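Undergrad: Predicted model follows, preceded by the sequence.
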Amino acid sequence: MSSASEPKAPSLKPWLRLRRGLEHDFGVVKVREDRVVDPRTQQEHPRVRMECADWVNVIAVTKQDELVMVRQFRFGIDAPTLEVPGGCIDEGEDPAVAAARELEEETGYRAGRLEALGAVHPNPAFQPNRCHTFLALDCERVSDGHPDDGEDIAVELHPRADVPRLILEGHITHSLVVVAFFLERLRAEGRR
C-alpha cells in the first residue's frame, strides 16, 4: 500500500464569535444564531448553530448474511425511510455501548461482535456533533425490541448483497446511512 502525502492546506484564520445568540432548546437539538466576524473582510455575519448529541449508526448483519434494517417515519421529509438502526449517544456513553444499546432497543437484535468503522461530521456548516458507524456481526434476535417513546419502527431483513441496489434505486436515501455503507466498503477494501 503506497502512502500518499496529504496536500498542504492553506492556513485559515478563525472566525471570532462576537455575540452568542438566544438558545432555543427542542430536546434533541438546541438552536441559536451567533454573530461572527469574517477574518478576511472584518464584516459581521449571522451564523446558525445546532447543538446535538453525537449519533451512532449500526450496520447489523445476521449469521445468515442479512441486514437488520429499520423503517420509520421521518418528519423532515414527511415520509418513511429505510435505514440502519441508530440514535443518540447518551452523555458520557461510549459510542460502542450506544451502538449495542440502540441496535437492541430498536430491533431486538444483539450483536455477537461489534467493529468501529469510523466517524463523520453530519453537517459541519452548523453542527459540531459526529456520527459514529459500527458494524455488528453475527446478530441474533433476542427480543421484540424496546423503541423509545415517540418511535414507531418496523424491522426488516434484507440480503446484504442488495445494498448497492437499495441505494441506487432510491430505497435508502438517508445520507448518513449511505455514508455508513461507504465506510464499511472502504474498510473491507482496505483489508484486501
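TA: Looks like it arrived, so ask away.
Undergrad: How about the backbone phi and psi for the residue most central in space within the chain?
TA: What sits nearest the mean C-alpha location of the chain, by Cα atoms, centre = their mean, is residue 131, with 3.8 Å. The phi/psi pair for residue 131 (degrees, to the nearest 10) reads phi -110, psi 120.
Undergrad: So what pairs up with the residue nearest to residue 16 when sequence neighbours are not counted in the strands?
TA: Using Cβ to Cβ, 6 or more residues apart in numbering and skipping residues adjacent in sequence, the residue nearest residue 16 is residue 37, 5.0 Å away. Glycine gets a C-beta too; all of them are placed from N, C-alpha and C. Beta-bridge pairing for residue 37 (DSSP bridges): residue 16, residue 44.
Undergrad: Which residue is the nearest non-sequential neighbour of residue 13?
TA: Here the residue nearest residue 13, using Cβ to Cβ, 6+ apart, is residue 39, at 3.7 Å.
Undergrad: show me where the protein has strands.
TA: With DSSP state E, the ranges of strands along the chain come out as 16-19, 24-25, 30-37, 44-51, 55-62, 66-74, 79-83, 86-88, 109-110, 113-120, 131-141, 153-159.
Undergrad: Which among these is found nearest to residue 100?
TA: With Cβ to Cβ as the measure, strand 113-120 is the member of those nearest residue 100 (6.2 Å).
Undergrad: what helices or strands is that closest one leaning on?
TA: helix 95-107, strand 131-141, helix 175-191 (3 or more Cβ pairs under 8 Å, 6 or more residues apart in numbering; DSSP states H and E).
Undergrad: so residue 144 touches residue 108, yeah?
TA: Yes. With contacts counted by Cβ atoms under 8 Å, residue 144 reaches residue 108, the gap being 5.1 Å.
Undergrad: Looking at the two, which one has more neighbours?
TA: Between residue 144 and residue 108, counted using other Cβ atoms under 10 Å, residue 108 has the larger neighbour count: 18 against 9.
Undergrad: Can you list phi and psi of that one for me?
TA: Torsion angles, degrees, to the nearest 10, at residue 108: phi 80, psi 10.
Undergrad: Could you measure from it over to residue 189?
TA: Residue 108 is 32 Å from residue 189, where distance means Cβ to Cβ, to the nearest Å.
Undergrad: For the nearest residue to residue 146 once chain neighbours are set aside, the count of nearby residues, please.
TA: Closest residue to residue 146 apart from its sequence neighbours, by Cβ to Cβ, 6+ apart: residue 105 at 5.0 Å. Neighbourhood size, residue 105 [other Cβ under 10 Å]: 17.
Undergrad: How about residue 133?
TA: 28.
Undergrad: Same question for the one 10 residues further on.
TA: The local packing count at residue 143 equals 11, with neighbours defined by other Cβ under 10 Å.
Undergrad: pLDDT at it, what is it?
TA: At residue 143, the model reports a pLDDT of 94.
Undergrad: Residue 181 versus the nearest residue to it once chain neighbours are set aside, what's the distance?
TA: Computed as Cβ to Cβ, 6+ apart, the closest residue to residue 143 that is not its neighbour in sequence is residue 108, at 4.2 Å. Distance, residue 108 to residue 181, using Cβ to Cβ: 22 Å.
Undergrad: Cheers, nothing more for now.
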